[in-house]
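quick check, what structure comes out for this input:
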Amino acid sequence: QLQLVESGGGSVQPGGSLRLSCAASGFTLENYAIGWFRQAPGKEREAVSCISSSDDSTNYADSVRGRFTISRDNAKNTVDLQMNSLKPEDTAVYYCNMVAGVMNYWGKGTLVTVSS
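The predicted model follows:
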């Protein structure tokens, strides 16, 4: 069964760092483009970052560019999101996403809270 599982969320003070991981079971992540999304309370889900399947090129939302870094760990079959200089507005549930053909896979999310 294909499954994505996010981990690494938690509570951190402004300026702190967290590293999120998206792990896969049932398939190999390096063969797919993977995206990280987030949804803050009362807001719509938004794209944060993605990494391509062809050349591992990356893209970032303007709000996180320069602070977040997406990368693959093929040995662990994960796609990670390193988040530095966190701000209160980064507080959200973070989800990873993969599209395979007509199927759209989401994990259940991991909560990130940035607060003093």
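
for Asp55, give its distance to Phe68.
19 Å (CB to CB, to the nearest Å). (Glycine included, C-beta is placed from N, CA and C.)

quickly list what the residue nearest the centre of the chain is bridged to.
Centroid-nearest residue in the chain: Trp36, 3.3 Å away (criterion: CA atoms, centre = their mean). Trp36 has these beta-bridge partners by DSSP bridges: Ser49, Cys96.

distance of it relative to Ser115?
Distance, Trp36 to Ser115, by CB to CB: 21 Å.

would you map the strands across the chain?
In the chain, the strands defined using DSSP state E lie at 3-7, 10-12, 18-25, 34-39, 46-51, 58-60, 68-73, 78-83, 92-100, 103-106, 110-114.

remind me what the first one packs against, helices and strands.
Counting contacts by 3 or more CB pairs under 8 Å, 6 or more residues apart in numbering; DSSP states H and E, the secondary-structure elements packed against strand 3-7 are strand 18-25, strand 92-100, strand 103-106.

find the nearest non-adjacent residue to Leu18, please.
Met83 (5.0 Å; CB to CB, 6 or more residues apart in numbering).

my guess is that neighbour contacts Gly15. True?
No - with contacts counted by CB atoms under 8 Å, Met83 stays clear of Gly15, the gap being 11.4 Å.
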